[in-house]
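S.K.: any chance you could fold what I've pasted below:
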Amino acid sequence: MTALDLDRFAHTPLERDPYEFLIVPGFIRAEALAPLLADFPAIDRPGSFPVSVLDYGPAFRAFVEELAGPAIRAAFAAKFGLELAGRPTMLTVRGRTQAKDGAIHTDGQSKLITALIYMNPAWEEDGGRRRVLRRGDDL
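M.R.: Numbers count the residues shown, from 1 in each chain. This is a model prediction of the structure:
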């Protein structure tokens, strides 16, 4: 079984304003979430970390392999109309957040696609929301 629902991804419409993006509720299959969370790396500090420096269990390892594999690459290439063959994949895992996180920024020009995959089982805090950068100085 794969953790990601690529059929759901394929059938989610691509938004085009203010740039191309999509939000795929249920992208991680419900039955895969508990094993992924159980095997998620223990990160007790802020920041994003390359998967190569983290310790995690077998379900999360399979998830990392899936994210770097040909099926997800093909799905993203088809959805965004890009040639991704031979392009590198960089996977990082976020630990804790801190007050300075979430500042306005854009990705470097060498990044073709950025995918954020949230694995929170629930959101119970008052804050937090998706923000769309329309200009370099205004959310």
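
S.K.: make it CA atoms for all contacts and neighbour counts henceforth
M.R.: Fine.

S.K.: buried residues in stretch 92-110?
M.R.: Under the neighbour-count criterion of 16 or more other CA atoms under 10 Å, stretch 92-110 has Val93 buried.

S.K.: what sits up against it?
M.R.: 43-51, 133, 136-139 (CA atoms under 8 Å, 6 or more residues apart in numbering).

S.K.: mind redoing it with 6 Å?
M.R.: If you take CA atoms under 6 Å, 6 or more residues apart in numbering as the criterion, stretch 92-110 is touched by Ile43, Arg45, Pro46, Gly47, Ser48, Phe49, Pro50, Val51.

S.K.: mind showing which ranges of this structure have poor pLDDT?
M.R.: 126-130, 139 (pLDDT under 70).

S.K.: recalculate using a threshold of 90.
M.R.: 1, 18-19, 44, 47, 95-111, 116, 118-139 (pLDDT under 90).

S.K.: which parts of it are helices?
M.R.: For the chain, the helices defined by DSSP state H occupy 6-11, 30-38, 58-67, 70-80.

S.K.: select, out of those, the one closest to Ile117.
M.R.: helix 58-67 (10.4 Å; CA to CA).

S.K.: which parts of the closest one are buried?
M.R.: Ala59, Phe60, Arg61, Phe63, Glu66, Leu67.

S.K.: for it, packing partners?
M.R.: helix 30-38 (3 or more CA pairs under 6 Å, 6 or more residues apart in numbering; DSSP states H and E).

S.K.: which strands and helices sit next to the helix it packs on?
M.R.: Secondary elements touching helix 30-38 (3+ CA pairs under 6 Å, 6+ apart): helix 58-67.

S.K.: what comes into contact with the helix it packs on?
M.R.: Under CA under 6 Å, 6+ apart, the answer for helix 58-67 is Pro35, Leu36, Asp39, Phe40.

S.K.: of these, buried ones?
M.R.: Leu36, Asp39, Phe40.

S.K.: could you dump those residues to JSON lines with distance to Met90?
M.R.: Output for the buried ones among the contacts of helix 58-67, formatted as JSON lines (distance: CA to CA, whole Å):
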{"residue": "Leu36", "distance to Met90": "19"}
{"residue": "Asp39", "distance to Met90": "20"}
{"residue": "Phe40", "distance to Met90": "18"}
